[in-house]
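A.B. asks: fold the stuff below for me.
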Amino acid sequence: MTKPSLLRSIYQPLLLILLLVSTNGCKTDAVTMNDNSQQMAWMHNADPQADALAALDKNDFRFMALALRNVVIPGIEQSRSLQIELRCGVILMQGISDTVRKESQLGLMKQAHEYASKYNAVILTRCNP
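C.D. replies: Okay, here's the model as predicted:
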């Protein structure tokens with residue numbers, strides 16, 4: 001077997017495997033995207049003030065945060081976020097990310113931000129570093 005044909009016999013299967021692996025990583029899972037909306041359905045009838053008071057009754061002083069490009073604590077100045085996160089802790093809201101693929105996700109993000117902002121205003125009365 002000549003050297004070029006030997007190299008070709010080695011590289012062709014490797015290229016095929018690389019192609020299969022790289023294209024598989026680009027799939028979008030529509031079920032996961034729908035699950036995020038369902039995962040956040042509890043928020044429609046939630047009362048952030050009552051939820052925060054219930055957390056405080058259990059000595060849970062953590063702030064509600066969104067995992068976007070950075071951890072965002074709605075209602076708290078960015079300059080104080082790290083100090084609050086270290087002293088009081090945070091709860092990351094599940095189902096919210098900085099990736100928006102459709103209009104309904106924008107509304108969900110806005111609703112989550114408003115809920116967390118109201119929740120955090122109550123928590124701030126008891127955990128204010």
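
A.B. asks: the helices in this protein, which residues?
C.D. replies: Using DSSP state H, the helices found in the chain span residues 3-24, 30-39, 48-57, 78-88, 103-124.

A.B. asks: state the number of residues packed around V122.
C.D. replies: Counted with other Cβ atoms under 10 Å, residues neighbouring V122 total 17. C-beta: built from backbone N, CA, C; applies to glycine.

A.B. asks: over to Q111?
C.D. replies: 15.

A.B. asks: in terms of mean pLDDT, which of the helices of the chain ranks lowest?
C.D. replies: Across these, helix 30-39 has the smallest mean pLDDT, namely a mean of 47.

A.B. asks: I'd like to know how far the closest residue to A65 other than its chain neighbours sits from Q78.
C.D. replies: Take A65 and drop its neighbours on the chain: the residue closest to it by Cβ to Cβ, 6 or more residues apart in numbering is V90, 4.0 Å away. To Q78, V90 is 14 Å away according to Cβ to Cβ, to the nearest Å.

A.B. asks: and stretch 107-118, which residues are buried?
C.D. replies: By neighbour count with 16 or more other Cβ atoms under 10 Å, stretch 107-118 contains the buried residues 108-109, 112-113, 115-116, 118.
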